[in-house]
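Chemist: What would the 3D arrangement of this be:
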Amino acid sequence: MGRQQHGPDSAAETSGSLDTRLAVAYDPATSPADLFALASDPSAAVRKAVAARADAPAEALRPLARDYDRDVREAVARNPSTSQGNLLRLVKDNDRWVRWAVAGNPGVDEQVRRAMAKATDKELRGLLAELPDLEPDLAAGLIGDASPEVRERLAAHTHDPEVIVAMMADRTVRVRKGLARNKQTDAAQRHTLSLDPAPDVRSTLVRSLDLDEADLRRLVDDRSPEVRRSVATSALVPSHIREALADDPDETVAADARTFHEPPAKPAAAPARPPHRGPRRFVTGRGRQA
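Modeler: Got it, this is the predicted structure:
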């Protein structure tokens, strides 16, 4: 493809001003050949602009994935056009922000996810745990991850019923708190979580998920004031359940139950305007209102 010229300051000419080169790097009309030339620009800002472009040629992204500037490599890691080979390189990058950027790339495939699962970086494994449609064997491996944070994030995001069942037996409170936020849990699992020995789990559950009325009525009498306060202030709790806490022995709980306001209902959609009939009149000049 021929190079597209942009006046006297072609993208291939690095002698132009930085502003000019940046403008060319951002210009949607810049040709692939000129983007390739700008990939070796002395300015990291210009190289980053090229690295972020989804239409940048592979020949330009390849060296940018090895760029000495972290921001440039991070831009490549986020670029949906970045090749699998470059993503595999970047997921092992020495800089954590570059590694973490790979996790959000829509081009991440199974091979990259498997590389993430083997990472020593627990944050990267945590980002993996939050990904949808995670391979069953990778999810199974994360169930026993050494980091409670990774397991918590898996518990909160997994859609796999077998993973949820396995994690219900986790002895770490924060992991069960993750399950208490997971909308994929069934009624029986939510009932079990409502009986959890940790008040943090019960509080999180009542604030996050719909519960059977029998479970809510039992939580009204929970031994933990913090759990009862969560019942009093949760938008998911019906008002007739909350009213039972208006005379709670803990004054803070009682006050919250008495003063809680339901979230305002969404306004009804405005009725559709009837179609205009007849010629439209356009007002111009000073009499027209902005």
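
Chemist: Okay, domains of this protein per the record?
Modeler: 1-93, 186-261 (automatic domain parsing).

Chemist: weakest of those by average pLDDT?
Modeler: Lowest mean pLDDT within the domains of the chain: domain 1-93, at a mean of 87.

Chemist: what does stretch 196-214 rub up against?
Modeler: The set of residues external to stretch 196-214 that reach it, using CB atoms under 8 Å, 6 or more residues apart in numbering, is 173, 176-177, 180-183, 185, 187, 190-191, 193-194, 216, 219, 222, 224, 226-227, 229-231, 233-234, 236-238, 241. Using the backbone N, CA and C atoms, a C-beta is placed for each residue, glycine as well.

Chemist: For it, buried residues please.
Modeler: Residues 196, 198-209, 211 are the ones in stretch 196-214 that count as buried (16 or more other CB atoms under 10 Å).

Chemist: Next, format those residues as CSV and append distance to residue 166 and secondary structure.
Modeler: Below are those laid out as CSV (distance: CB to CB, whole Å; DSSP: H, G, I helix; E, B strand; the rest coil):
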residue, distance to residue 166, secondary structure
196, 16, coil
198, 18, coil
199, 24, helix
200, 21, helix
201, 17, helix
202, 21, helix
203, 24, helix
204, 19, helix
205, 19, helix
206, 24, helix
207, 24, helix
208, 20, helix
209, 19, coil
211, 22, coil
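
Chemist: Is it possible to get CSV of those residues that adds distance to residue 88?
Modeler: Shown next, in CSV, are the buried residues of stretch 196-214 (distance: CB to CB, whole Å):
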residue, distance to residue 88
196, 40
198, 40
199, 44
200, 39
201, 38
202, 43
203, 42
204, 37
205, 39
206, 43
207, 40
208, 36
209, 38
211, 44
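
Chemist: returning to that earlier point: show the buried residues in the contacts of stretch 196-214.
Modeler: Using 16+ other CB under 10 Å, the buried ones in the contacts of stretch 196-214 are 173, 176-177, 180-182, 185, 190-191, 193-194, 216, 219, 222, 227, 229-231, 233-234, 237, 241.

Chemist: among those, which are in helices?
Modeler: Among these, DSSP state H puts 173, 176-177, 190-191, 193-194, 216, 219, 227, 229-231, 233, 241 in helices.

Chemist: Hmm, residue 191 and residue 168 touching each other?
Modeler: No - taking contacts as CB atoms under 8 Å, residue 168 lies outside contact range of residue 191: 11.4 Å.

Chemist: Which one of the buried residues of stretch 196-214 is nearest to residue 21?
Modeler: The nearest member of the buried residues of stretch 196-214 to residue 21, counting by CB to CB, is residue 208 at 49.8 Å.

Chemist: Could you report the separation of that closest one from residue 107?
Modeler: Relative to residue 107, residue 208 is positioned 32 Å away (CB to CB, to the nearest Å).

Chemist: and residue 95, what is it in contact with?
Modeler: With CB under 8 Å, 6+ apart, residue 95 has these contacts: 70, 73-74.

Chemist: 7 Å instead, please
Modeler: Under the criterion of CB atoms under 7 Å, 6 or more residues apart in numbering, the neighbours of residue 95 are residue 70.

Chemist: Against residue 124, how distant is it?
Modeler: Using CB to CB, residue 95 is found at 12 Å from residue 124.

Chemist: Ramachandran coordinates for residue 65?
Modeler: phi -70, psi -10 (degrees, to the nearest 10).

Chemist: now do residue 79
Modeler: Torsion angles, degrees, to the nearest 10, at residue 79: phi -70, psi 120.
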